[in-house]
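Novice: here are the coordinates; sequence isn't available:
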């Protein structure tokens with residue numbers, strides 16, 4: 001089992017990890033950008049971390065996080081260490097459904113949700129990345145070349161979907177459920 005450095009992106013990814021994951025002893029590096037840093041620049045950050053560590057890295061980010069820094073994927077053309085980017089595709093901006101914001105559903109959808117229909121396979125191809133589409137995180141491992149892995153999850157993350165996101169094989173031990 002490979003224990004590559006792991007980066008957890010902002011929003012949904014870091015909230016789930018903060019609550020549900022515990023750091024295994026074999027994981028030397030665990031990175032995240034929590035707080036006011038926003039979702040901009042997460043991909044560039046991952047490339048910089050991998051370059052600085054001189055080793056491959058796994059990044060788990062939300063769909064909006066990836067799209068806010070999609071241009072940084074061009075940096076991978078000259079990056080020697082394989083980056084495995086796992087994008088949690090829940091339809092864009094769905095994290096706001098789980099936050100205590102007192103607003104009507106119609107208003108939330110209109111102003112906070114960025115319902116997107118990006119074709120991640122085409123995005124991967126545009127930057128010469130390998131592409132995979134998966135239904136769970138249970139079998140994600142470090143790839144041997146730059147890879148974009150799309151994990152499609154329900155936009156509201158009901159309990160059944162939470163349970164399907166419970167484990168990053170060989171990196172993060174499973175827990176019973178992931179919170180929104």
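Specialist: Okay, I see it. Please read all numbers here as calculations on a predicted model, not as lab measurements.
Novice: CA atoms for contacts and neighbours, from now on please.
Specialist: OK.
Novice: next structured bit after the lengthiest helix in the chain?
Specialist: Across the chain, the longest stretch assigned as helix under DSSP state H is helix 42-53. Reading on from helix 42-53 to the C-terminus, the next helix or strand found by DSSP states H and E is strand 57-62.
Novice: Of all the residues in the helix or strand just after that next one, which ones are buried?
Specialist: The first helix or strand that comes after strand 57-62 along the chain, using DSSP H and E, is helix 63-68. By neighbour count on 16 or more other CA atoms under 10 Å, the buried set for helix 63-68 is 63, 64, 65, 66, 67.
Novice: how about the strands of the protein, start to end?
Specialist: With DSSP state E, the ranges of strands along the chain come out as 6-8, 30-32, 57-62, 83-89, 130-134, 147-152.
Novice: Just say which of the ones you listed is most tucked in.
Specialist: strand 57-62 (a mean of 27; mean count of other CA atoms under 10 Å).
Novice: For that one, which helices and strands make contact with it?
Specialist: strand 6-8, helix 12-20, helix 42-53, strand 83-89 (3 or more CA pairs under 8 Å, 6 or more residues apart in numbering; DSSP states H and E).
Novice: rank these by pLDDT, which is bottom?
Specialist: Among these, helix 12-20 has the lowest mean pLDDT, at a mean of 68.
Novice: residue contacts, residue 59?
Specialist: Each residue near residue 59 by CA atoms under 8 Å, 6 or more residues apart in numbering is listed here: 6, 7, 8, 9, 46, 83, 84, 85, 86.
Novice: again, only using 7 Å
Specialist: Residue 59 is in contact with 6, 7, 8, 46, 84, 85, 86, counting by CA atoms under 7 Å, 6 or more residues apart in numbering.
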